[in-house]
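>>> Structure, please.
(chains A, B, C, D and E)
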Amino acid sequence: MQLARVLGEVVSTMKDEHLTGLKLLVVQPIAASGESTGRALVALDSVGAGVGEHVFFVRGREAAFPFYPAEPPTDATIVGIVDHWTTE
Amino acid sequence: MQLARVLGEVVSTMKDEHLTGLKLLVVQPIAASGESTGRALVALDSVGAGVGEHVFFVRGREAAFPFYPAEPPTDATIVGIVDHWTTE
Amino acid sequence: MQLARVLGEVVSTMKDEHLTGLKLLVVQPIAASGESTGRALVALDSVGAGVGEHVFFVRGREAAFPFYPAEPPTDATIVGIVDHWTTE
Amino acid sequence: MQLARVLGEVVSTMKDEHLTGLKLLVVQPIAASGESTGRALVALDSVGAGVGEHVFFVRGREAAFPFYPAEPPTDATIVGIVDHWTTE
Amino acid sequence: MQLARVLGEVVSTMKDEHLTGLKLLVVQPIAASGESTGRALVALDSVGAGVGEHVFFVRGREAAFPFYPAEPPTDATIVGIVDHWTTE
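Numbers count the residues shown, from 1 in each chain, chains lettered A, B, ... in the order given. Here you go, the predicted structure:
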């Protein structure tokens, strides 16, 4: 999973029907230091995350699991809101 | 999913038979700022996207879902046309 | 699999229910030389790894295997603690 | 999928038995401009591609689809020969 | 698949039980020129590869195929020893 910050939202009228009603968020991966790193991507939300919050998201086949038995065509889904994290 | 802009189209006569009749688009990933980032790739289209439009595409196993029950050998498929997106 | 060092832990109250009770660790990939390389990520732990230890983790669909028959939405799971490794 | 140019071939005597008789090609990813970008990889061929040709290949689980019902352990397979591509 | 050179071995006492008895090798990806490129990773061996040899490995879900019906939690497995490769 990847730590990230929620930057905003994507508005899309023409989209796959299995994405209807799901929130499409723009998320910025962050390093353990909290700094942005790498490019932003679009993730579905499964935990009620909002703009400005720190979250972690899962990539790949598992990104659809939180919506089971629905199978939206997603490769990135937010699966947790981060309270805080520790580093050595 | 990744934000991208549609750059053009790939013309291919010799290809996997399960790709017949599907549109092969060249897409350029973009950052949250709208700037190009990283290398272009080839994606299938499932939503009627055209050259110059902003879209988002899904990678991996899920890229075949929009064509179900067909299973084209695709690892990247456009699943939405972007109206606009917000960032903080 | 990727060699990594465990940097710390992620605390998350709001998360996917299938992650409940699982340890979320911040791991830093390392090169064969032992130096940090690339960005840190969040991995589940399946072998009792602790902060400061060297481990290796598996990505993708296989990351859920150690929790079978449970299927937590994970794309990175620590599957071994490293005693040492050799290079030419 | 990724645009690429076929650079050459890999000769391997000791290999997984499910790769026997399949062509292992060295492919160099290319950008939309036609320039090489990123590192070369090894891909199976499913369309009769030859050295010097422009192709596109698919990664991941789908890379085995063109060989169905066989399941060679491949994560990259050429699924089309490119006649040409357009960019804006 | 990726060309690589075998650098060494990982010794791990505490690991997922499905990895017991399997060889964990440190592999360094190489470019078509033979030079090292990118970071080393840990791969299982399915073909009897040894330190110093050139090999190619497969990533992702397919990495478990050579061990069928066993399903070790692996995302990278060596599936061939390279005799030589050609480039234009």
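>>> Tell me which residues of the longest strand seen in chain A come out buried.
Ranked by number of residues, the top strand in chain A under DSSP state E is strand A:2-11. Residues A:2-10 are the ones in strand A:2-11 that count as buried (16 or more other C-beta atoms under 10 Å in any protein chain shown). C-betas here are computed from N, CA, C, even on glycine.
>>> go on, stretch A:44-56?
A:44-47, A:49, A:53-56.
>>> ok, and which of these reach chain C?
A:46-47, A:56 (C-beta under 8 Å from any C-beta of the partner chain).
>>> So stretch A:32-51, near chain B or not?
Yes: judged by C-beta under 8 Å from any C-beta, stretch A:32-51 and chain B are in contact via A:39-43, A:51.
>>> Can you classify the residue of chain A found nearest chain E by secondary structure?
Here chain A gets closest to chain E at one residue, A:R61, 8.2 Å apart by C-beta to the nearest C-beta. The local conformation at A:R61, judged by DSSP: H, G, I helix; E, B strand; the rest coil, is helix.
>>> So which of the ones next to chain C among the buried residues of stretch A:44-56 sit within helices?
Using DSSP state H, no member of those falls in helices.
>>> Next step: those restricted to strands.
A:F56.
>>> can stretch A:21-41 be found next to chain C?
Yes: Stretch A:21-41 comes into contact with chain C (C-beta under 8 Å from any C-beta), by way of A:29, A:31-32, A:37-38.
>>> hmm, I was thinking of stretch A:64-81
Yes: residues of stretch A:64-81 are located near chain C by C-beta under 8 Å from any C-beta, namely A:65-66, A:77, A:79-81.
>>> and the following helix or strand past the longest strand of chain A, what does it pack onto?
Using DSSP states H and E, the helix or strand that follows strand A:2-11 in sequence is strand A:24-29. Helices and strands touching strand A:24-29, by 3 or more C-beta pairs under 8 Å, 6 or more residues apart in numbering or on different chains; DSSP states H and E, are strand A:2-11, strand A:41-45, strand A:76-81.
>>> Go again with 6 Å.
strand A:2-11, strand A:41-45 (3 or more C-beta pairs under 6 Å, 6 or more residues apart in numbering or on different chains; DSSP states H and E).
>>> Redo those as a markdown table? Include mean pLDDT and distance to D:M14.
A markdown table is the format used below for these (pLDDT from 0 to 100; distance: least, C-beta to C-beta, whole Å):
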| stretch | mean pLDDT | distance to D:M14 |
| --- | --- | --- |
| strand A:2-11 | 98 | 37 |
| strand A:41-45 | 98 | 40 |
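>>> Just send those strands back as CSV, with distance to C:G21 too.
Listed next are those as CSV, based on distance: least, C-beta to C-beta, whole Å:
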stretch, distance to C:G21
strand A:2-11, 20
strand A:41-45, 22
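>>> Show me which residues of chain A sit near chain B.
Residues of chain A found near chain B (C-beta under 6 Å from any C-beta of the partner chain) are A:7-16, A:26, A:39-42, A:60-61, A:73, A:75.
>>> picking up where we left off before, which among the residues of stretch A:21-41 next to chain C gets closest to chain C?
A:A32 (3.9 Å).
>>> A:I78 against A:F56, yeah?
No: the criterion here is C-beta atoms under 6 Å, and A:I78 misses it with A:F56 at 7.3 Å.
>>> which of the residues of stretch A:32-51 next to chain B are close to chain E?
Among the residues of stretch A:32-51 next to chain B, chain E is touched by none when using C-beta under 6 Å from any C-beta.
>>> Now restrict these to buried residues only.
A:39-43.
>>> Check those against E:W85 and report the nearest one.
A:R39 (32.3 Å; C-beta to C-beta).
>>> Whichever strand or helix holds A:V58: partners in the sheet, and parallel or antiparallel?
Assigned by DSSP H and E, A:V58 belongs to strand A:54-59. With DSSP bridges as the test, strand A:54-59 is paired with strand A:2-11 (antiparallel), strand A:76-81 (antiparallel).
>>> Kindly present these as TSV, with separate columns for distance to C:T87.
Formatted as TSV, these follow (distance: least, C-beta to C-beta, whole Å):
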stretch	distance to C:T87
strand A:2-11	28
strand A:76-81	34
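>>> By proximity to chain D, which residue of chain A wins?
A:R61 (8.2 Å).
>>> That residue: what's it in contact with?
By C-beta atoms under 6 Å, 6 or more residues apart in numbering or on different chains, the contact set of A:R61 is B:61, C:61.
>>> sorry, back to before: quick one: pLDDT of the residue of chain A closest to chain E?
Note for A:R61: predicted pLDDT of 92.
>>> What distance do you get for it to C:G38?
22 Å (C-beta to C-beta, to the nearest Å).
>>> Equivalent analysis for A:E71, please.
Taken as C-beta to C-beta, the span from A:E71 to C:G38 is 31 Å.
>>> quick one, which of these two is more surrounded?
A count of neighbours by other C-beta atoms under 10 Å in any protein chain shown puts C:G38 above the other of A:E71 and C:G38, at 16 against 13.
>>> pretty sure that one contacts C:P29?
Yes: counting by C-beta under 6 Å, C:G38 touches C:P29, with 4.8 Å between them.
>>> so who does A:V47 touch?
A:V47 touches A:78, A:81, C:14, counting by C-beta under 6 Å, 6+ apart.
>>> Correct me if wrong: the last one contacts A:V82.
No: with contact defined as C-beta under 6 Å, C:M14 does not reach A:V82; the gap is 9.2 Å.
>>> for A:P66, phi and psi?
When quoted as degrees, to the nearest 10, the phi and psi of A:P66 stand at phi -60, psi -10.
>>> what's the pLDDT at it?
At A:P66, the pLDDT recorded in the model is 96.
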